[in-house]
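Peer 1: Test case, fold it:
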Amino acid sequence: MAVGTVNMLGVSLGGESVLNADLIDQLKQADKSVMIKPLEDQLAKLYKKQEDQTKLTEYLSTFFDIVEGFSEDLTYMKRNVAVSGDAVGITANDGVDVQSFSIKVTQLAQNSVVQSQKYENQNSIFSETSGRLEIKQGSSTLSIDVHAGMTLSELRDEINNRSDGKITATILNTGGESPYSLVIRANSDGTENALEFRQFDSGGNEIVTDSNDGGYSADAVLINLETVQDAQNAKFLYNNIEIERSSNSVSDLISGVTIDLKKTAQDAESPIQVSIGRDLSVLSGSLQKLTDAYNTLIGFLNEITKYNSETGASGSFLGDSRINAIKNEINKIFFGKNEDQNSIADINRPLKNAKGEVTNVLYAFNLSENGTLSFDQSVFDYTAGLNPDMIERLFRGYSDVTPSFTVGSQMTTLSGEISDLTINGVSIENVTFDAGKSVSDNLISVLNAINNISVQTGVSAKLGGGGTSLILTGITGGEFTVGGGDASAVGLKAGSYKGTESTRDGLFVNLDALGEKLNGILSESTMKLVKDELNTKEKNLTEGLQKVLDRLNAKYELMTTQFASYNAIISRYQSSFNSVQMLIDQAAAKQS
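Peer 2: Numbers count the residues shown, from 1 in each chain. Model (predicted):
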């Protein structure tokens, strides 16, 4: 009967390999699945968590930047301008008063322009004699010495180099046999910038004009100059009030508003109507950005904290109370109530039927069942257009001040005189009551005496109670005092009176606390702790994984060495077995 063969690392047993390299790899893979795979899975989850933490930090930063913008004044101070025609251009700075007015341009401002006689070329000599040319503009005078044989281009350069940019001289080629002419113009419009020219001979004597044609005497003039355009001021009607300015650009009529006059109107033409209003497009655009940032942030927060009960899949931050707290803070912005019990989710547009009954309400913000927020700009624009102040108060907050005041008792009779009454320590001059006058008339005497010193006291007086009592009000809203023994004689009570101030934080103004939370989340608190925690875990896992790998590698390097030793031993046995096998085979052959 034949006996099977054995092979271990070269020795066979029944024709199958036993102690070979494949066996070592299989054993090593089995160890890895038990010792390495769990660590690798943990690292993979950790890397995903670190990736999610980085994304969350970016989304939080974007969201915070947008929220922070709602506390800035410029968000609410943008202005738009509507102009009914093209005769004027209007520029309104942010924050100017909302207003409407009319403009009708009757005359545009223009500058002085003079032109010389014509010459053959730019270097033609314009004067055969010496003298002086003076150009007066306002309170300044430019004096130019003219020498015999001076050229046109020399005079041009002298004017340009010495006029400090107020006057410009150019040489124009106007065509014809002698085409070149010197043109001198004022660089600013208006009569205050008009140019006046005087010429003097070499002896300092003024060259007078010829009485016949109004020009300079031909035999004595240094250069012939002719007025091309007279300087004039701009004139226009502002709300039917006549206004005159030296420039066509008017910025000193309405604070923060520049009016550019472009063309004059016909007499029968209607004035240009100008309306400056609030530009809420910036605000509504910011709200849309905020909505988008909210959806991105909340959607991501939901993704990393979710749990699927059917599959068992979970987000990388499932159960992390710190991340859940972020969602709560973000939702407060949209759905939290301020002290007036308002939230931006309450911005709506009631829809009414023909009877004026509210049949439906459209909301600017709507939250879907899956937590996605939507923003209806048309609803917001409608509501903000009806009451822009309300929108600004809602977002920015407000401070309402009730001035300090006191209402005196109603008086039925007044007699004698008042000599001991003080307001903020300032004495009221003697006031004598006239028994023949009414209570109201006598109180007016006290009222006038108080108002006469209101500059010193900061307190004004008026009549109340049908003219039978005094009402004192702090002009600046601050505290004031009433003193003196005669206070009660006019119905007043001695003491201090202080105004009240009601302050409400807007939904996006109270960003100090929110900013600290979000900045803390972004840098110094939650997200930094999460990041540091993840980095520590990554370090520990990486180091642990490397240690396990080192142990496994050492184990299987030793196993490889041991298998090689076993192979040598088995090989010796194999040789002996081969000899025995040969004897067995020979014996079997003889028996057969």
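Peer 1: partners of the strand ranked longest in the chain in the sheet?
Peer 2: Scanning the chain for the longest strand, with DSSP state E as the assignment, gives strand 99-107. Here strand 99-107 is paired, per DSSP bridges, with strand 234-238 (antiparallel), strand 272-278 (antiparallel).
Peer 1: same question for the shortest one, mean pLDDT?
Peer 2: Strand 234-238 shows a mean pLDDT of 95 in the predicted model.
Peer 1: try stretch 147-157
Peer 2: The average pLDDT within stretch 147-157 is 94.
Peer 1: what pLDDT does the spatially closest residue to Phe405 that is not a sequence neighbour get?
Peer 2: Distances taken as CB to CB, 6 or more residues apart in numbering put Thr473 closest to Phe405, at 4.4 Å, once the chain neighbours are dropped. For glycine as for every other residue, the C-beta is placed from the backbone atoms N, C-alpha and C. pLDDT, Thr473: 87.
Peer 1: Repeat that for Gly315.
Peer 2: At Gly315, the model reports a pLDDT of 87.
Peer 1: can you give me the helices in the stretch 451-592 of the chain?
Peer 2: 454-457, 511-519, 526-591 (DSSP state H, counting those that start in this stretch).
Peer 1: Please apply the same query to the stretch 301-450 of the chain.
Peer 2: Using DSSP H, counting those that start in this stretch, helices in the stretch 301-450 of the chain cover 321-335, 377-386, 388-396, 439-452.
Peer 1: Leu253 is nearest to which of the ones you listed?
Peer 2: Set against Leu253 and scored by CB to CB, the helices of the stretch 301-450 of the chain come closest in helix 388-396, at 24.9 Å.
Peer 1: Return the most buried member of the strands paired with strand 99-107.
Peer 2: Among those, strand 234-238 has the highest mean neighbour count (mean count of other CB atoms under 10 Å), at a mean of 20.
Peer 1: From Asn451, how far out is Gly467?
Peer 2: Going from Gly467 to Asn451 by CB to CB, to the nearest Å gives 16 Å.
Peer 1: Leu447 and Ala461 touch, don't they?
Peer 2: Yes. Look at Leu447 against Ala461 with CB atoms under 8 Å: they come within range, at 4.5 Å.
Peer 1: which of the two has more neighbours?
Peer 2: Neighbour count, other CB atoms under 10 Å: between Leu447 and Ala461, Ala461 has more, with 24 against 20.
Peer 1: ok, the more buried one to Ser404 distance?
Peer 2: Distance of Ala461 to Ser404, given as CB to CB: 13 Å.
Peer 1: joint contacts of those two?
Peer 2: Jointly contacting Ala461 and Ser404 under the rule CB atoms under 8 Å, 6 or more residues apart in numbering are Thr473.
Peer 1: Just send the helices of the stretch 451-592 of the chain back as JSON lines, with distance to Ala268 and mean pLDDT too.
Peer 2: Shown next, in JSON lines, are the helices of the stretch 451-592 of the chain (distance: least, CB to CB, whole Å; pLDDT from 0 to 100):
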{"stretch": "helix 454-457", "distance to Ala268": "50", "mean pLDDT": "86"}
{"stretch": "helix 511-519", "distance to Ala268": "56", "mean pLDDT": "56"}
{"stretch": "helix 526-591", "distance to Ala268": "70", "mean pLDDT": "75"}
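Peer 1: Asn161 is nearest to which of those helices?
Peer 2: Nearest of these (CB to CB): helix 454-457, 56.1 Å.
Peer 1: coming back round to it: next one: the residue nearest to Phe405 relative to Val446, how far apart?
Peer 2: Applying CB to CB to Thr473 and Val446 gives a distance of 15 Å.
Peer 1: Neighbour count: those two, which is higher?
Peer 2: A count of neighbours by other CB under 10 Å puts Val446 above the other of Thr473 and Val446, at 24 against 19.
Peer 1: in stretch 40-56, what's buried?
Peer 2: By 16 or more other CB atoms under 10 Å, the buried positions in stretch 40-56 come out as 42-43, 46, 49-50, 52-53, 56.
Peer 1: From the chain's centroid, how far away is that stretch?
Peer 2: Chain-centre distance of stretch 40-56: 36 Å, with CA atoms, centre = their mean, to the nearest Å.
Peer 1: likewise stretch 51-63?
Peer 2: 22 Å.
Peer 1: and what of stretch 452-466?
Peer 2: 43 Å.
Peer 1: which other residues reach that stretch?
Peer 2: With CB under 8 Å, 6+ apart, stretch 452-466 has contacts from 407-408, 410, 423-424, 426, 428-429, 440, 443-444, 446-447, 450-451, 469-476, 478, 480.
Peer 1: ok, of those residues, which come out buried?
Peer 2: Buried residues within these, counting neighbours by 16+ other CB under 10 Å: 408, 423-424, 426, 428, 440, 443-444, 446-447, 450, 469-474, 480.
Peer 1: got the end-to-end distance for stretch 198-207?
Peer 2: Stretch 198-207 has an end-to-end distance of 8 Å (CA to CA, to the nearest Å).
Peer 1: got the buried residues for it?
Peer 2: 199-201, 207.
Peer 1: Over to stretch 146-155?
Peer 2: Neighbour counts over stretch 146-155 (16+ other CB under 10 Å) mark 146, 150-155 as buried.
Peer 1: Now intersect those with the helices, please.
Peer 2: Among those, the residues falling in helices (DSSP state H) are 152-155.
Peer 1: now these in a markdown table, with distance to Asp376?
Peer 2: Converted to a markdown table, these look like this (distance: CB to CB, whole Å):
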| residue | distance to Asp376 |
| --- | --- |
| Leu152 | 71 |
| Ser153 | 69 |
| Glu154 | 72 |
| Leu155 | 70 |
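Peer 1: So which of the residues you listed is the closest to Gln122?
Peer 2: Using CB to CB, these come closest to Gln122 at Ser153, 4.8 Å.
Peer 1: hang on, that closest one packs against Gln122?
Peer 2: Yes. Assessed by CB under 8 Å, Ser153 is found in contact with Gln122 at 4.8 Å.
Peer 1: Overlap in contacts, these two.
Peer 2: Shared contacts of Ser153 and Gln122, counting by CB under 8 Å, 6+ apart, come down to Ile171.
Peer 1: Phe317: what's it in contact with?
Peer 2: 49, 52, 304-305, 323.
Peer 1: Farthest-apart pair in those, please.
Peer 2: Across the contacts of Phe317 (CB to CB), the longest gap, 11.9 Å, separates Lys49 and Thr305.
Peer 1: Now do the strands in the stretch 351-500 of the chain.
Peer 2: If you assign secondary structure with DSSP state E, counting those that start in this stretch, the strands in the stretch 351-500 of the chain sit at 358-363, 365-367, 373-375, 397-402, 405-407, 417-418, 422-423, 426-427, 431-432, 459-464, 469-474, 480-483, 495-497, 500-505.
Peer 1: I'd like to know which of the ones you listed lies nearest to Ser316.
Peer 2: Nearest of the strands of the stretch 351-500 of the chain to Ser316, taken as CB to CB: strand 373-375 at 23.7 Å.
Peer 1: Show me what the closest one is packed up against.
Peer 2: Packing contacts for strand 373-375, counted by 3 or more CB pairs under 8 Å, 6 or more residues apart in numbering; DSSP states H and E, involve helix 281-304, strand 365-367.
Peer 1: if we go to 10 Å?
Peer 2: On a contact count with 3 or more CB pairs under 10 Å, 6 or more residues apart in numbering; DSSP states H and E, strand 373-375 meets helix 281-304, helix 321-335, strand 365-367.
Peer 1: Figure out which of the ones you listed is closest to Gln377.
Peer 2: The nearest among these, by CB to CB, is helix 281-304 at 5.1 Å.
Peer 1: got the angle between the closest one and helix 388-396?
Peer 2: Helix 281-304 and helix 388-396 are oriented at 40 degrees to each other (axes from the mean of the first three to the mean of the last three CA atoms, to 10 degrees).
Peer 1: average pLDDT for helix 281-304?
Peer 2: Computed over helix 281-304, the average pLDDT equals 87.
Peer 1: centre of the chain versus that helix, how much separation?
Peer 2: With CA atoms, centre = their mean, you get 18 Å for helix 281-304.
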